[in-house]
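> predicted model and sequence below, questions to follow.
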Amino acid sequence: MVRLKKIVERKEIENALNIFMMFIAFLAVFSLVGKGGFGPEWVPFFNGVDIFIIACFIGVAVFRLILASNWWSYIKKHPFQYVLIGLFFSQLLIAPLILTDVSYRYVLSQFALVNLAKIYIVLMQIYILIELISEVGRLNARIARLPLPPAAIFVTSFVILIAMGTFLLMLPGATKEPGSMRLIDALFTATSATCVTGLIVQPTGTFFTRFGHYIIMVIIQFGGLGLMTFATFFALVFRSDFGLRERMLLGDVLNVKVFGKIKSLLAAIVGITIGVEAVGATLLYFFATPHAGKMNSRIFWSIFHSVSAFCNAGFSLWDENIIHFTSDWRMTLTFAGLIIAGGLGFVVLMDIGRYIFSPFRFKRRKVPHFRLQTKIVLVTTVILIFVGMIFIMFGDTTGVMHGEKWSVTLLTAFFQSVTARTAGFNTIDTGALAPGVLFIVIVLMFIGASPGSTGGGVKTTTIAVIVGAISAKLRGKERAVFFNRSLPVEIISVAAMIIVLAGAVIAVGTFLVATIELPRHPDWRFIDVFFEVVSAFGTVGLSTGPTFDLTTASKLILVFTMLLGRVGPLTFLFSVSRKIRAARMEHTEETLMIG
């Protein structure tokens, strides 16, 4: 009885500590954001908050160790927090040695970290932030029980991320001139970053501070992969149990029907993202040597642009985007590689990785079979890139892409064909392109990237399914066939619905923006407005110039268009529609003339 009482008391103490640490977690996030967001005059206050956080963090960790029945087992279950505590005490001894090294001081200065104490504080805050995110992930069990369709939860996660980004970008420290950020501009920028679009109403490099750049980069990363993906991943890291309802919910969100593979899929998504972005940042850092004088921080510049390129966001720290690299084939191809990798989709990337690394996993080469989706995505992507490049080259009647060498012309046309499908980076002035080239770019923007990727648009597989269905009908066949596999009729119907809904969204958006803007700007062309709306829906970010001069009403229209383009119009309709009930009776069937 006494032992049972002690166990109950220990659980009550543990629950109280958990609640207290949740408060400390929010305080750590507030301090992490506040130092950059509220200006230098608030730094002393937040330094005091950091001291309080560190004291509470160490005190709770030590107290839990005392309560643990086996302290060594408890340390092995929570290694990272005790490593941080060890760093805190050891830095007092090694700080004078490390800080005298010039190379260490240079690396620290690149990230605005002036000493090891600040590194420790940032690491500790990040750890607590991860704990906080894992707590959000633990809500999946409760969320799964809500009478809401997965589409509604998916859309809501993006709305929450947009709201958080808007608030953070409104902080005084986010802009170089405190108070200069309007609410509509903050909302537009946060939506553009969350939906990985890249349309901007304020120049990213010169208008925002380094704190603002960090906020935009984080929003791009979370928006590219999805807030629920990150939250669930951290929940899996910090706990082992994962219920069937949670699996079903995440399976619907990730479009995965094999629930047993969700853990490996999440690990692969996060691992591929970090790996590809790390490789991309490394290549950009070394290839950017001739342009290093234009960068305030070469390391951060490389990381920011690698994240932006892989997530197909198109945000750049340079006001002229990446026009400096028009003839630099190493930088251009690195950006193109990141964009293509991010636009293929994680299922396709996993298939490719399995094919490449299979010889290292088996003594005898075992060639895995590509999924049908992988084959269609790869073939469609290659066709779109090279057909788009040819049309762009021959449609360039203004000579914008014709450089001194034919190789530069080929490189420019190739990159424009790649970036037009949801990336938004540009190595030439988009506004100077010929009308024919603009039309080709509009078509590519409408098609977009592939399913399960960081890009938008109606998706490559949707176009492939429609083309396959038309080809099958012309040949007198009932079903579309790809690589000796026939597709269900339902998939063709869904593909047709997506294209019709996307066309309707673009048509309504173009009508509203043209009605509002063209009377105010007689020098604007209709194709400029049409281009802007398609760019927003395709989450591309390319612009011929009008974005900076849009009214508040037009910006709100594009905000809604970007959100629809990111989540998909069909998904959005499912999120707001009532639950469909099976009909008890069918109406009499009758034919209809069409076409």
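Looks like it arrived, so ask away.
> in what helix or strand does the nearest residue to Leu169 once chain neighbours are set aside lie?
Spatially, and ignoring its direct neighbours in sequence, Leu169 is nearest to Ala186 (4.2 Å; Cβ to Cβ, 6 or more residues apart in numbering). Quick note: C-beta positions are derived from backbone N, CA and C, even for glycine. Using DSSP states H and E, Ala186 maps to helix 183-194.
> tell me which residues of stretch 55-69 are tucked away?
Residues of stretch 55-69 classed as buried: Cys56, Phe57, Ile58, Val60, Ala61, Arg64 (neighbour count, 16 or more other Cβ atoms under 10 Å).
> the second one looks like it's in a helix, true?
Yes. Remark: Phe57 belongs to a helix, assigned using DSSP: H, G, I helix; E, B strand; the rest coil.
> returning to what we had before: quick one: the residue nearest to Leu169 from Ser308, how far?
Between Ala186 and Ser308 the computed distance is 19 Å (Cβ to Cβ, to the nearest Å).
> after the helix or strand of the chain with the lowest mean pLDDT, next one along is what?
One helix or strand of the chain scores below all others by mean pLDDT, DSSP states H and E: helix 140-145, with a mean of 54. Going down the chain from helix 140-145, the next helix or strand is helix 150-169, by DSSP H and E.
> so which elements touch that next one?
helix 183-194, helix 210-225, helix 227-238, helix 244-254, helix 552-567, helix 569-576 (3 or more Cβ pairs under 8 Å, 6 or more residues apart in numbering; DSSP states H and E).
> the stretch 351-500 of the chain: helices as residue ranges?
For the stretch 351-500 of the chain, the helices defined by DSSP state H, counting those that start in this stretch cover 372-395, 406-419, 435-447, 460-474, 489-517.
> now these as a markdown table including mean pLDDT, distance to Ala174 and mean neighbour count?
Converted to a markdown table, the helices of the stretch 351-500 of the chain look like this (pLDDT from 0 to 100; distance: least, Cβ to Cβ, whole Å; neighbours: other Cβ atoms under 10 Å):
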| stretch | mean pLDDT | distance to Ala174 | mean neighbour count |
| --- | --- | --- | --- |
| helix 372-395 | 91 | 36 | 18 |
| helix 406-419 | 90 | 27 | 21 |
| helix 435-447 | 92 | 29 | 21 |
| helix 460-474 | 90 | 36 | 18 |
| helix 489-517 | 91 | 27 | 17 |
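> what about those helices, which gets the closest to Phe357?
helix 372-395 (15.3 Å; Cβ to Cβ).
> tell me what that closest one is packed against?
By 3+ Cβ pairs under 8 Å, 6+ apart, helix 372-395 packs against helix 329-344, helix 346-361, helix 406-419, helix 435-447, helix 460-474, strand 481-482.
> just checking, Leu372 touches Phe482?
Yes. At 6.3 Å, Leu372 and Phe482 qualify as touching, with contact defined as Cβ atoms under 8 Å.
> let me see the contact set for Thr189.
Shown in contact with Thr189 (Cβ atoms under 8 Å, 6 or more residues apart in numbering): Gly165, Leu169, Ile200, Val201, Gln202, Ile216.
> make it 7 Å
By Cβ atoms under 7 Å, 6 or more residues apart in numbering, Thr189 lies in contact with Leu169, Ile200, Val201, Gln202.
> so where's this structure shaky on pLDDT?
The chain contains residues with pLDDT under 70 at 1-10, 76-150, 226-263, 358-368, 403-404, 574-586, 591, 594-595.
> and the helices and strands packed on helix 372-395 as TSV, adding distance to Glu532?
TSV is the format used below for the helices and strands packed on helix 372-395 (distance: least, Cβ to Cβ, whole Å):
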stretch	distance to Glu532
helix 329-344	21
helix 346-361	30
helix 406-419	16
helix 435-447	10
helix 460-474	22
strand 481-482	34
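> out of the ones you listed, flag the one nearest Met593.
Comparing those by Cβ to Cβ, helix 460-474 comes nearest, at 16.6 Å.
> excluding chain neighbours, what is closest to His305?
Nearest residue to His305 in three dimensions, chain neighbours excluded: Leu284, at 5.9 Å (Cβ to Cβ, 6+ apart).
> show me what contacts the one you found?
With Cβ under 7 Å, 6+ apart, Leu284 has these contacts: Ser302, His305, Ser306, Thr334.
> try it again with 8 Å
Going by Cβ under 8 Å, 6+ apart, the list of residues near Leu284 reads Trp301, Ser302, His305, Ser306, Met331, Thr334.
> same thing with Leu563?
Leu563 touches Val155, Phe158, Val159, Ile162, Thr191, Cys195, Phe572, counting by Cβ under 8 Å, 6+ apart.
> can we see that at 7 Å?
Counting by Cβ under 7 Å, 6+ apart, Leu563 touches Phe158, Thr191, Cys195.
> export those residues to a markdown table and tack on distance to Gly293 and neighbour count?
Formatted as a markdown table, the contacts of Leu563 follow (distance: Cβ to Cβ, whole Å; neighbours: other Cβ atoms under 10 Å):
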| residue | distance to Gly293 | neighbour count |
| --- | --- | --- |
| Phe158 | 38 | 21 |
| Thr191 | 34 | 29 |
| Cys195 | 33 | 30 |
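> okay if I get these as TSV plus distance to Asn426?
Output for these, formatted as TSV (distance: Cβ to Cβ, whole Å):
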residue	distance to Asn426
Phe158	26
Thr191	20
Cys195	18
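> return the member of the buried residues of stretch 55-69 nearest to Ala502.
Distances from Ala502 to the buried residues of stretch 55-69, taken by Cβ to Cβ, are shortest for Phe57, at 49.0 Å.
> for that closest one, give its distance to Thr409.
From Phe57 to Thr409 the distance is 58 Å (Cβ to Cβ).
> for the spatially most central residue of the chain, give its distance to Thr273.
The centroid of the chain falls nearest to Gly224 when counting by Cα atoms, centre = their mean (1.3 Å). Applying Cβ to Cβ, the value for Gly224 to Thr273 is 8 Å.
> His305 too?
15 Å.
> between these two, point out the one with more neighbours.
The residue with more neighbours, out of His305 and Thr273, is His305; 28 against 23, by other Cβ atoms under 10 Å.
> distance-wise, check that one relative to Ile466.
Counting by Cβ to Cβ - His305 and Ile466 are separated by 34 Å.
> ok, Ala288 next?
Distance, Ala288 to Ile466, using Cβ to Cβ: 41 Å.
> who's in contact with Gln202?
Asp185, Thr189.
> please repeat the previous calculation with a cut-off of 10 Å.
Residues near Gln202 by Cβ atoms under 10 Å, 6 or more residues apart in numbering: 169, 175, 180-182, 185-186, 188-189, 208, 212, 547-548.
> for it, helix, strand, or coil?
coil.
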